[in-house]
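1. Next input, structure requested:
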Amino acid sequence: MKNEEEYRLIAHAVRRLSAKYPSISADVVADTVASAHAHFDGHRVRDFVPLLVERMAGEKLSSLVPS
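-> Numbering: from 1, shown residues only. Purely as a prediction, here's the structure:
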């Protein structure tokens, strides 16, 4: 079950990724993080979900930035 701390950490991930990828709109960053977060729905162990979500979303966002 998701808890308040997990949601707080996910919100921090959105802010960090928005700062890291300023050329990508905040809505796209938030949607990408939400999609990555949904990927972990149903997993019982939640301890590392925020970290994994940030990494997964970061990989997706980095592919959207031209080299």
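
2. what's around the spatially closest residue to Val49 that is not a sequence neighbour, how many residues?
-> What sits nearest to Val49 in space, not counting adjacent residues and going by C-beta to C-beta, 6 or more residues apart in numbering, is Phe40, at 4.9 Å. For every residue, glycine as well, the C-beta is placed using N, CA and C. Residues lying near Phe40 (other C-beta atoms under 10 Å) number 17.

3. cool, and Pro66?
-> Pro66: 4 neighbours (other C-beta under 10 Å).

4. Make 59 the starting number, not 1.
-> Sure, I'll start counting at 59 from here, so that last one is Pro124.

5. got the contact list for the residue nearest to Val107?
-> For Phe98, the contact set (C-beta atoms under 8 Å, 6 or more residues apart in numbering) comprises 104, 107, 110-111.

6. Checking the residue nearest the centre of the chain next. Helix, strand or coil?
-> The chain has Val91 as the residue nearest its centroid, 3.1 Å off, counting by C-alpha atoms, centre = their mean. Val91 falls in the helix class when you classify it by DSSP: H, G, I helix; E, B strand; the rest coil.

7. Confirm for me that it is in contact with Val72.
-> Yes: contact criterion C-beta atoms under 8 Å: Val91 and Val72 qualify, at 5.0 Å.

8. Within the helices and strands, which one has Leu67?
-> Following DSSP states H and E, one finds Leu67 within helix 62-78.
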